[in-house]
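K.L.:
Make a model of this:
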Amino acid sequence: MSLMPLEKRGITGSRLVLGCMGFAGDWDTGVIEKGELLEAERGLDTALESGITMFDHADIYKRGKAEEVFGKCLNNRAGLREKIIIQSKCGIRFADTENPGRYDFSKNHILGAVDGILGRLGTDYLDILLLHRPDPLMEPEEVAEAFSTLMESGKVRNFGVSNMNVAQMKLLQAYIGSPLVVNQMEMSLKKLDWLDQGVHVNQPAGLGTNFAEGLIEHCMLETIQLQAWAPLAKGIYSGKEDFMSAAEKETAELVARMAEEKETTKESIVLGWLMRHPANIQPVIGTTNPGRIQNCQDAPRQAKLMTREEWYKLYISSRSKRLP
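P.N.:
I've put the predicted structure just below:
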């Protein structure tokens, strides 16, 4: 496999990313409990032991508590900050007494959000800042001013987006002076529209596929790292026991057989399938459970070992119908 887009840009993160949305317990505004700190420390240490050196945050996760507890973990580990890659996101604002939930890419909000993120994490800089969800009122000139200020001050070293299509990225890129290095989208063995969009070209089925057309190819051409959120599809193929459709059950059984044959974990098969794609997709696993983190660590190897036929078996099983 070729180098990841981030590696081509000199950003040496791990092949897997630990998503930190689950850190710090409940979605409340209370203080961080001792148990929540211990859980975060176990998750962080397990990730590092598993070779994960890149961590994904957002200013809204647990209303800021996720970043705060991660910052406390960093503070207890001298010298760790320089050995890891931290990215966070901004742009989503919760509803309050006067306003609805909304998106905000204004210069003042971006600058204020970054200051808050850095304060909670206890660090002087972010390796990557992502704009969380597209803001219909985005003025690219204003975003460019914010990015320039953050870059010149050393508070942010790289920029990216999340959940954006090609046109939105091109518009933004036309105004900012630095390249967008990441786009984070929901992609998994369960959520297949990112693949079906291409397979259904010139097919009636394409009329019902809703994904950002050309996004995968655009990111590959422009050396933009595609990151996948919810890459394990909430564990549906790796042990979740909720109600499953016939196709989901069949795919889960296939994943289990492949894991047994390859002497690996089901999580590594599911992630390895995603990472086998030529775009070098980078999964963001969202768990604080040490066992589940460990179960993911063989995914990069499984991606290299997975044959074309094995990849297609999983794809066709999950989509539950033959290719056109």
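
K.L.:
What about the residue nearest to Thr123 when sequence neighbours are not counted, how many residues nearby?
P.N.:
Nearest residue to Thr123, sequence neighbours excluded (CB to CB, 6 or more residues apart in numbering): Arg81, at 5.7 Å. The C-beta positions use only the backbone N, C-alpha and C, and glycine is treated the same way. Applying other CB atoms under 10 Å, we find 16 residues neighbouring Arg81.

K.L.:
pretty sure Arg81 contacts Leu74?
P.N.:
Yes - at 5.8 Å, Arg81 counts as touching Leu74 under the criterion of CB atoms under 8 Å.

K.L.:
hey, what's in contact with both of these two?
P.N.:
Common neighbours of Arg81 and Leu74, counting by CB atoms under 8 Å, 6 or more residues apart in numbering, are Thr123.

K.L.:
Going along the chain, name the helices of the chain.
P.N.:
All helices of the chain, identified by DSSP state H, fall at 5-8, 34-49, 65-75, 107-121, 140-153, 166-173, 193-199, 215-221, 246-262, 266-275, 290-296, 299-305, 308-319.

K.L.:
highest average neighbour count across the ones you listed?
P.N.:
Most buried of those by mean neighbour count (mean count of other CB atoms under 10 Å) is helix 266-275; its value is a mean of 27.

K.L.:
Could you check the angle it makes with helix 246-262?
P.N.:
In terms of direction (axes from the mean of the first three to the mean of the last three CA atoms, to 10 degrees), helix 266-275 departs from helix 246-262 by 100 degrees.

K.L.:
Convert the C-alpha atoms of helix 266-275 to PDB, please.
P.N.:
C-alpha atoms of helix 266-275 as PDB (Å, rounded to 0.1, in the frame of the first residue of the first chain):
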ATOM      1  CA  LYS A 266     -13.500  -9.400  14.100                       C
ATOM      2  CA  GLU A 267     -12.800  -5.700  14.700                       C
ATOM      3  CA  SER A 268      -9.500  -6.000  12.700                       C
ATOM      4  CA  ILE A 269     -11.300  -7.700   9.800                       C
ATOM      5  CA  VAL A 270     -14.000  -4.900   9.700                       C
ATOM      6  CA  LEU A 271     -11.400  -2.100   9.800                       C
ATOM      7  CA  GLY A 272      -9.000  -3.900   7.600                       C
ATOM      8  CA  TRP A 273     -11.700  -4.100   4.900                       C
ATOM      9  CA  LEU A 274     -12.200  -0.300   5.100                       C
ATOM     10  CA  MET A 275      -8.400   0.300   5.000                       C
END
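
K.L.:
Can we start the residue count at 36 from this point?
P.N.:
Shifting the count to begin at 36 puts that one at helix 301-310.

K.L.:
Just name whatever secondary elements it is in contact with.
P.N.:
helix 281-297, strand 317-320, helix 325-331, helix 334-340, helix 343-354 (3 or more CB pairs under 8 Å, 6 or more residues apart in numbering; DSSP states H and E).

K.L.:
Name the surrounding residues that touch the first one.
P.N.:
Applying CB under 8 Å, 6+ apart, the set of residues contacting helix 281-297 from outside is 224-225, 271-273, 279, 300-301, 303-305, 337, 340, 345, 348-349, 352-355.

K.L.:
I'd guessed Leu230 sits against Ile351; true?
P.N.:
No - judged on CB under 8 Å, Leu230 makes no contact with Ile351 at a distance of 10.8 Å.

K.L.:
So, low pLDDT: which residues of the stretch 136-285 of the chain?
P.N.:
276 (pLDDT under 70).

K.L.:
Skipping adjacent residues, who's closest to Ala59 in space?
P.N.:
Excluding its sequence neighbours, the residue lying closest to Ala59 (CB to CB, 6+ apart) is Lys100, at 3.7 Å.

K.L.:
swap that for Asp162, sorry
P.N.:
Leaving out its chain neighbours, the residue that sits closest to Asp162 by CB to CB, 6+ apart is Ile120, at 4.6 Å.

K.L.:
and the one you found, how many neighbours?
P.N.:
By the criterion of other CB under 10 Å, Ile120 has 19 neighbours.
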